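A.B. asks: sequence and predicted structure are below.
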Amino acid sequence: MRTNIFKGLGVAVITPFTPEKNIDFHTLRENIEFLIEEGGVDFLCVLGTTAETPTLTTEEKEMIMETFVETVHGRVPLMLGCGGNNTRAVCQYLETANLDGFDGVLIVTPYYNKPTQEGLFQHYVAVADASPLPVILYNVPGRTGVNLSADTVIRIAEECQNVVAIKEASGFIPQIDRILADAPDGFEVISGDDGLNFEMLNLGATGVISVVANAFPFEVGQLVHDTLEGDLSAALDTHRRFLNIYRLAFCEGNPSGVKAMMAQKEMCLNELRLPLVPVSETTEAKIIDALSNF
């Protein structure tokens, strides 16, 4: 039977860097502990877009994976981002990598080479066949250049029992609603867009993978859990408190905005790896003002 364990509040965790642009593993461990023990998150997403994964070496990725497994120690489920635009390479990784300690894999739609819907279907069938763990589809056309249509999502879900959910970050509400209405039993939708978390949870999504929750896990968790429990008035109030935060978190790209927020809260240094750079002084000033008024 198809089962998705990634429900409630998930966080796409940042990668903190030192001033020399090395990974700050001490701060990473502190952030993980904060998210679990004080933030009360339900699961963590490792090596996603927010982690600046394209700028990390293979060795660094392995060290980050080990850090999460050792630090979390089974307290919350771990989802590993390991998609790509080379189907054979993704399958080989899933067949050979040490995935001990992880509970599912997040597979982004192949980027840059812009496959057709048939190509996307065959890609995910091959990946699902190779994966020893449950698979979560990831649709983010603003980054990949291709949209995974509702028809293709439903077709993949019907073909592959170990494909358990989709992280939807397309912003196409009618498409998301169609998936929620017509996907097979057990297949679920996870919101991948902080600004649409409230709407998507009300439509029937069972969880979120949040960027902003790196800095505000307790508050985003309140929004998510209040919505799922039916306290829509409280959830809407929280959602509206976040409107300016959402805008500032993404106006100059991710994770530049949330790292600026975390730096102001002394949770990490405001360091990114090229080609990403910190937000402008103008946006940083707006972030400082927004945090003081939150």
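C.D. replies: Noted; the coordinates are in hand. Numbers count the residues shown, from 1 in each chain.

A.B. asks: where along the stretch 1-150 of the chain do the strands fall?
C.D. replies: Ranges of strands in the stretch 1-150 of the chain, per DSSP state E, counting those that start in this stretch, are 8-12, 43-46, 78-81, 104-108, 135-139.

A.B. asks: residues making contact with the first one?
C.D. replies: Yep, that's strand 8-12 we're talking about. 35, 39-45, 48-51, 79, 190, 206-211, 213-214, 217, 220-221, 224-225, 228 (C-beta atoms under 8 Å, 6 or more residues apart in numbering). Using the backbone N, CA and C atoms, a C-beta is placed for each residue, glycine as well.

A.B. asks: that one versus strand 104-108: what angle between them?
C.D. replies: 60 degrees (axes from the mean of the first three to the mean of the last three C-alpha atoms, to 10 degrees).

A.B. asks: returning to that earlier point: and the buried ones among the contacts of strand 8-12, selectable in PyMOL?
C.D. replies: Those of these that count as buried under 16 or more other C-beta atoms under 10 Å are selected in PyMOL with:
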select buried, resi 35+39+41+42+43+44+45+48+49+50+51+79+190+206+207+208+209+210+211+213+214+217+220+221+224+225+228
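
A.B. asks: follow-up on the earlier one: to residue 25, which of the strands of the stretch 1-150 of the chain lies closest?
C.D. replies: strand 43-46 (13.7 Å; C-beta to C-beta).

A.B. asks: now render the strands of the stretch 1-150 of the chain as CSV, adding distance to residue 154.
C.D. replies: Shown next, in CSV, are these (distance: least, C-beta to C-beta, whole Å):
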stretch, distance to residue 154
strand 8-12, 23
strand 43-46, 24
strand 78-81, 22
strand 104-108, 17
strand 135-139, 11
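
A.B. asks: got TSV for the ones you listed, with distance to residue 255 and mean pLDDT too?
C.D. replies: Formatted as TSV, these follow (distance: least, C-beta to C-beta, whole Å; pLDDT from 0 to 100):
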stretch	distance to residue 255	mean pLDDT
strand 8-12	8	98
strand 43-46	12	98
strand 78-81	13	98
strand 104-108	16	98
strand 135-139	16	98
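
A.B. asks: which one of those lies closest to residue 197?
C.D. replies: Counting by C-beta to C-beta, residue 197 lies closest to strand 8-12 out of those; the figure is 9.4 Å.

A.B. asks: okay, now the sheet partners of that closest one, with direction.
C.D. replies: strand 43-46 (parallel), strand 207-210 (parallel) (DSSP bridges).

A.B. asks: restrict that strand to CA atoms and write it as PDB.
C.D. replies: Coordinates of the C-alpha atoms in strand 8-12 are reproduced here as PDB (Å, rounded to 0.1, in the frame of the first residue of the first chain):
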ATOM      1  CA  GLY A   8       3.100  18.500   8.200                       C
ATOM      2  CA  LEU A   9       6.000  21.000   8.300                       C
ATOM      3  CA  GLY A  10       9.100  20.100   6.400                       C
ATOM      4  CA  VAL A  11      12.100  22.400   6.000                       C
ATOM      5  CA  ALA A  12      14.400  22.700   3.000                       C
END
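
A.B. asks: so how far is it from its chain's centroid?
C.D. replies: 7 Å (C-alpha atoms, centre = their mean, to the nearest Å).

A.B. asks: about what we covered before: and the strands of the stretch 1-150 of the chain: which comes nearest residue 263?
C.D. replies: Closest among the strands of the stretch 1-150 of the chain, using C-beta to C-beta: strand 8-12, at 17.2 Å.
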